[in-house]
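> Sequence unavailable; structure follows:
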């Protein structure tokens, strides 16, 4: 069971992060290759809350997500003020996530020099010195608790999907879609570009932060090398592959991208080649993604329910 | 329902039962006692050379053991999974080996970032793991000093190598001014840097420059120029990939920087000599095993001829881990209990067992090999030359 559980947990974590990217890239039209940075921020922060401050695990996850969301303003505000979009914004997010990772790589030595400092700027940060040493830099943050289980992840995925659905169908979500279609037209209709983009980025970073927290509490260990550009590009791939302006697409591909390399295990050296090849095939024949513009709805469930219900009624009558 | 259909249904039911019985009985007749040994390695991605050089050798060895009748009446089966150097993949395949394949013991991983989370998983699932080259202290002993009961390793640890390097540089080479070029994103390199520095300062040496880079960098001239200005006598490049030290040596030569260069076992691969042999003339590399000693010459030749790949240290460490597990299964089988826990107990009490590279005794308190000798290799005429064997006190 452990193996299948692992796939479900890692797949679920990937789904949550992919939903975050879907809100930003799929709905608002802002490409990002830096969500691993937000995952790292959320992951480390929720780990600190649980391990150092004894905050209960679900609250720590939300706090970690919020922290990642707040950090997103550091990059979001200047970028949106200067109207960076398209590739330019993507590169800015990449820079942010790499800078975050490099900072985390150096926490140990940074913390040590603060602890040893007797004067100067180090004194200002004296209280957080020991904490930085504990984060461990490249050696990683060790001995974390590990409460992430299949149940927790499934609940988190359901909640994440529900809130994402509520968000994209709300007025904010509609504003986001308007921006992704045509910024000038949206502005003329009275959409506040800066505010809407910041909200989309906040929600998106929040999702990534929660995913990072779940990951920290699954491995019970965090190291900056979990959050490389490969992770960011995997998330972007899940969204583009799954479909633009769709939630169910990224959910399915977010899971499949974890499952697929596992199913291809028997091919050993060849599996990543097959994996890449399938990507190319799909992008050639369905450039809008597998489920592009297909929105999740439960109409089919209603129809089934009606069918079953009516049949039973009619059989009772007959 | 008519009669013939009923008749047919009855008989087909009996037929199925009969077929099931036959197959299950014939299954009993030809059943072999097989134990699975897992191997977590890299067959794709940047570190694919680790798997390429170790998997064929280990498969050969398993075939050899099975041809001789197996271990304690059991045949071995090697189950290899790829991680593409990603920690989540390493965790997934470890769980797969434990739950689906019911492996009796697992070899790997080769790097510490994966070894640390895997140690906890091995403890929970109660399946022993023997890491090949994960050299961080915390792989087998957690940060608060608690032993991970199911995690072992066959390589030496970073503090030991850093200590030995500093000792050799200070006492044997008589060097006093050291400079570092460190990959700040690699726990291995940062660890060796720290332990070298601690011991070197303790001995009375001086650190004149500490320069950093990150994995994938190819341009070190700025750092090397600073090191040159600082007047260093010794340049320590304990890189994880051989390209780093090779490029640094080439650029140091171009800058006219004349220093003693020193590296760790991470760069001890034949490819380094092809890349920067002349520039690294006189450089010192420390390692736990050597592929160049005459006793392995025959093996190396046969291996290269058969598989078209040069044997490297990962081949040797992989075989070491495999032989340690083979020994432990043998011991466990003698007691009539080949559960993973019994294999673990046998690994822990291993004493003076001849593995592929040397005799190994496992330290029960740390699960590290006891007093594994450190070999000091010098590069002369683009060849590795064994200068000294360092035995810790």
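Everything's here; your move. The model shown is predicted, which means the values in this text are computed figures rather than measured ones. Numbers count the residues shown, from 1 in each chain, chains lettered A, B, ... in the order given.
> residues in the stretch 51-200 of chain B within reach of chain A, list them.
Within the stretch 51-200 of chain B, the residues that sit near chain A (CB under 8 Å from any CB of the partner chain) are B:80-82, B:84, B:86-89, B:91-93, B:95-96, B:98-100, B:113, B:116-117, B:120, B:125, B:136, B:138, B:142-144, B:184-187, B:190-191. In short, each C-beta sits where N, CA and C put it, glycine included.
> Recalculate using a threshold of 7 Å.
Taking CB under 7 Å from any CB of the partner chain as the measure of proximity, the stretch 51-200 of chain B contacts chain A at B:81-82, B:84, B:87-88, B:91-92, B:95-96, B:98-100, B:113, B:116-117, B:120, B:125, B:136, B:138, B:142-144, B:184-187, B:190.
> Which among those residues count as buried?
The neighbour-count criterion (16 or more other CB atoms under 10 Å in any protein chain shown) marks B:81-82, B:84, B:87-88, B:91-92, B:95-96, B:98-99, B:113, B:116-117, B:120, B:125, B:136, B:138, B:142, B:184-187, B:190 among these as buried.
> The residues you listed in strands, which ones?
When DSSP state E defines the strands, the subset of those inside them is B:81-82.
> just for the stretch 101-250 of chain A, where's the confidence low?
By pLDDT under 70, the stretch 101-250 of chain A contains no weakly predicted segment.
> Which residues of it lie near chain B?
A:105-106, A:137-140, A:142-143, A:219-221, A:223, A:225-226.
> Pull the most distant pair out of those residues.
With distances taken as CB to CB, the most widely separated pair in those is A:106 and A:220, at 22.8 Å.
> How many residues are close by residue 247?
All of this refers to chain A. Neighbouring residues of residue A:247 were enumerated by other CB atoms under 10 Å in any protein chain shown; the total is 26.
> wait, I meant chain B there
By other CB under 10 Å, the residues close to residue B:247 number 21.
> mind checking which helix or strand it is in?
Counting by DSSP states H and E, the element that carries residue B:247 is helix B:242-255.
> show me the contacts for the residue of the stretch 151-300 of chain B found nearest chain A.
Closest contact between the stretch 151-300 of chain B and chain A, by CB to the nearest CB, is at residue B:187 (4.6 Å). Residues in contact with residue B:187, defined by CB atoms under 7 Å, 6 or more residues apart in numbering or on different chains, are A:138-139, B:112-113, B:136.
> Verify the contact between residue A:228 and residue A:35 for me.
No: with contact taken as CB atoms under 7 Å, residue A:228 and residue A:35 are classed as non-touching, separated by 11.8 Å.
> which of the two has more neighbours?
In terms of neighbours (other CB under 10 Å), residue A:35 is the more surrounded of residue A:228 and residue A:35; the figures are 33 against 18.
> At which residues are the helices of the stretch 1-150 of chain A located?
Secondary structure of the stretch 1-150 of chain A, counting by DSSP state H, counting those that start in this stretch: helices at A:2-21, A:35-53, A:57-81, A:87-105, A:107-116, A:129-135, A:150-169.
> contacting residues around residue 76?
Since no chain was named, I'll use chain A. Contacts were defined as CB under 7 Å, 6+ apart; by that measure residue A:76 touches A:198, A:201.
> wrong chain, I was asking about chain B
Contacts for residue B:76 (CB under 7 Å, 6+ apart) come out as B:35, B:37, B:62, B:65-66, B:70.
> relative to helix B:242-255, how tilted is the host helix or strand of residue B:376?
Take DSSP H and E as the rule and residue B:376 turns out to sit in strand B:374-380. For strand B:374-380 against helix B:242-255, the angle between stretch directions is 40 degrees (axes from the mean of the first three to the mean of the last three CA atoms, to 10 degrees).
> Each with direction, which strands does strand B:374-380 pair with?
Partner strands for strand B:374-380, per DSSP bridges, with pairing direction: strand B:284-287 (antiparallel), strand B:383-390 (antiparallel).
> Which of those has the highest mean neighbour count?
Per-stretch averages of neighbours, counted by mean count of other CB atoms under 10 Å in any protein chain shown, single out strand B:284-287 among the strands paired with strand B:374-380, with a mean of 24.
> Could you report the neighbour count for residue 193?
No chain in the question, so chain A it is. The number of residues packed around residue A:193, counting by other CB under 10 Å, is 17.
> You answered for a different chain; I wanted chain B.
Other residues lying near residue B:193 total 25 when counted by other CB under 10 Å.
> Touching, it and residue B:238? I think so.
Yes: between residue B:193 and residue B:238 there is a contact at 6.5 Å, judged by CB under 7 Å.
> Not counting sequence-adjacent ones, nearest residue to residue B:89?
Excluding its sequence neighbours, the residue lying closest to residue B:89 (CB to CB, 6 or more residues apart in numbering or on different chains) is residue B:83, at 4.2 Å.
> which regions of chain B sit below the pLDDT cut-off?
Within chain B, the stretches falling below the threshold (pLDDT under 70) are B:1-32, B:392-393.
> how about the helices of it, start to end?
Counting by DSSP state H, chain B has these helices, from start to end: B:3-29, B:48-67, B:87-99, B:112-125, B:158-167, B:187-203, B:221-229, B:242-255, B:270-276, B:294-307, B:313-334, B:340-348.
> How about the stretch 201-318 of chain A?
Using DSSP H, counting those that start in this stretch, the helices of the stretch 201-318 of chain A run over A:229-242, A:248-263, A:271-285, A:299-317.
> looking at the ones you listed, which has the lowest confidence?
Mean pLDDT is lowest for helix A:299-317 out of the helices of the stretch 201-318 of chain A, coming in at a mean of 72.
> closest to residue A:99 out of the helices of chain B?
Closest of the helices of chain B to residue A:99 is helix B:187-203, at 18.8 Å (criterion: CB to CB).
> from the chain's centre, how far out does that closest one sit?
How far helix B:187-203 lies from its chain's middle: 21 Å, per CA atoms, centre = their mean, to the nearest Å.
> same question, stretch B:102-113
In terms of CA atoms, centre = their mean, the centre of stretch B:102-113 is found 10 Å from the chain centre.
> Likewise for stretch B:317-333?
Stretch B:317-333 has its average C-alpha position 15 Å from the chain's average C-alpha position, going by CA atoms, centre = their mean.
> for stretch B:126-138, same thing?
The mean C-alpha position of stretch B:126-138 is separated from the chain mean by 9 Å, CA atoms, centre = their mean.
> Please apply the same query to stretch A:110-130.
Using CA atoms, centre = their mean, the mean C-alpha position of stretch A:110-130 is found 33 Å from that of the whole chain.
> Straight-line length of it, end to end?
One end of stretch A:110-130 to the other measures 10 Å (CA to CA, to the nearest Å).
> ok, now stretch B:302-313?
One end of stretch B:302-313 to the other measures 16 Å (CA to CA).
> Just the buried residues of that stretch, please?
Within stretch B:302-313, the residues that qualify as buried are B:303, B:307, B:309-313, counting by 16+ other CB under 10 Å.
> now, the most widely separated pair of those residues?
Taking CB to CB as the measure, these reach their widest spread between B:307 and B:313, a distance of 16.3 Å.
> quick one: contacts for residue A:231?
Counting by CB under 7 Å, 6+ apart, residue A:231 has contacts A:36, A:39.
> Next: residue B:90.
Residue B:90 touches B:40, B:83, B:109, B:114, B:118, counting by CB under 7 Å, 6+ apart.
> which residue sits closest to the fourth one, ignoring its sequence neighbours?
Excluding its sequence neighbours, the residue lying closest to residue B:114 (CB to CB, 6+ apart) is residue B:90, at 4.0 Å.
> The one you found and chain A: what is the separation?
10 Å (CB to the nearest CB, to the nearest Å).
> Next one: the closest residue to residue A:217 other than its chain neighbours from residue A:17, what distance?
The shortest distance from residue A:217 to any non-neighbouring residue, by CB to CB, 6+ apart, is to residue A:148 (4.3 Å). For residue A:148, the distance to residue A:17 equals 14 Å [CB to CB, to the nearest Å].
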